[in-house]
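Colleague: sharing a sequence plus its predicted fold:
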Amino acid sequence: EDQVTQSPEALRLQEGESSSLNCSYTVSGLRGLFWYRQDPGKGPEFLFTLYSAGEEKEKERLKATLTKKESFLHITAPKPEDSATYLCAVQAFQGAQKLVFGQGTRLTINP
Amino acid sequence: KAGVTQTPRYLIKTRGQQVTLSCSPISGHRSVSWYQQTPGQGLQFLFEYFSETQRNKGNFPGRFSGRQFSNSRSEMNVSTLELGDSALYLCASSFQPGQGAPGANVLTFGAGSRLTVL
């Protein structure tokens, strides 16, 4: 059974304090690993897709990396507007478009 | 370009009733998926439709059903509502991935329909 575990559950940082979020996964044939951001009362917003180990993608203060067993979302010099829940999900080759999500990391950036 | 539209945004029902939720995908997207989000279980896959056919189904009881129309719009129905069905129901759409189509399998989510069962 495909499984995703995210850590920590919650993370509180000061503005400008860099950190990383972890996503460990097991999947029967990885088609893609996805990172989404979700704000309260809204649907998840797509950030990145990673397809193979060693791949990295960047967007503003965020950088996602992928190994064969886990992915990291690095946040550099975060700002209060980066506060949100960050969700990791995997999509297997078997299973059409189905995503298996982790529980998410609730990130709070204090000014 | 309009995003994924879900209606209604909020609704309150009582136990035993049934509910129908609607989803209009992004224009050109042919795959529609439904997810249930609760504080305890997180986001859980309900089902996926493509070209009016259910391609995949999650581990939910038969009270949960869905369908897709020829214009790709989708509906999901929950019958005989239980208290535990209170949740945010999210719809997502995507292209049908094809060869050499990077990113075609990215799911774009709507804002959700928040169901409260009393």
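Modeller: The structure has been received and is ready for your questions. Numbers count the residues shown, from 1 in each chain, chains lettered A, B, ... in the order given.
Colleague: tell me which residue is most central in chain B.
Modeller: In chain B, the centroid-proximal residue (C-alpha atoms, centre = their mean) is B:Trp34; its distance is 2.6 Å.
Colleague: so which strand or helix has B:Ser93?
Modeller: When elements are assigned from DSSP states H and E, B:Ser93 belongs to strand B:87-94.
Colleague: sheet-wise, list the partners of that strand with their directions.
Modeller: When sheet partners are counted by DSSP bridges, strand B:87-94 sits next to strand B:31-38 (antiparallel), strand B:108-109 (antiparallel), strand B:113-117 (antiparallel).
Colleague: now the ones you listed as a markdown table including mean pLDDT and distance to A:Tyr36?
Modeller: Glycine gets a C-beta too; all of them are placed from N, C-alpha and C. Rendered in a markdown table, the data for the strands paired with strand B:87-94 read as follows (pLDDT from 0 to 100; distance: least, C-beta to C-beta, whole Å):
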| stretch | mean pLDDT | distance to A:Tyr36 |
| --- | --- | --- |
| strand B:31-38 | 96 | 11 |
| strand B:108-109 | 95 | 8 |
| strand B:113-117 | 98 | 18 |
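Colleague: out of these, which is the most enclosed?
Modeller: The densest packing among the strands paired with strand B:87-94, expressed as mean neighbour count by mean count of other C-beta atoms under 10 Å in any protein chain shown, is seen in strand B:31-38 with a mean of 24.
Colleague: C-terminal to that one, what's the next element?
Modeller: strand B:42-50.
Colleague: quick one, that next one and strand B:87-94 angle?
Modeller: Using axes from the mean of the first three to the mean of the last three C-alpha atoms, to 10 degrees, the interaxial angle of strand B:42-50 with respect to strand B:87-94 works out to 40 degrees.
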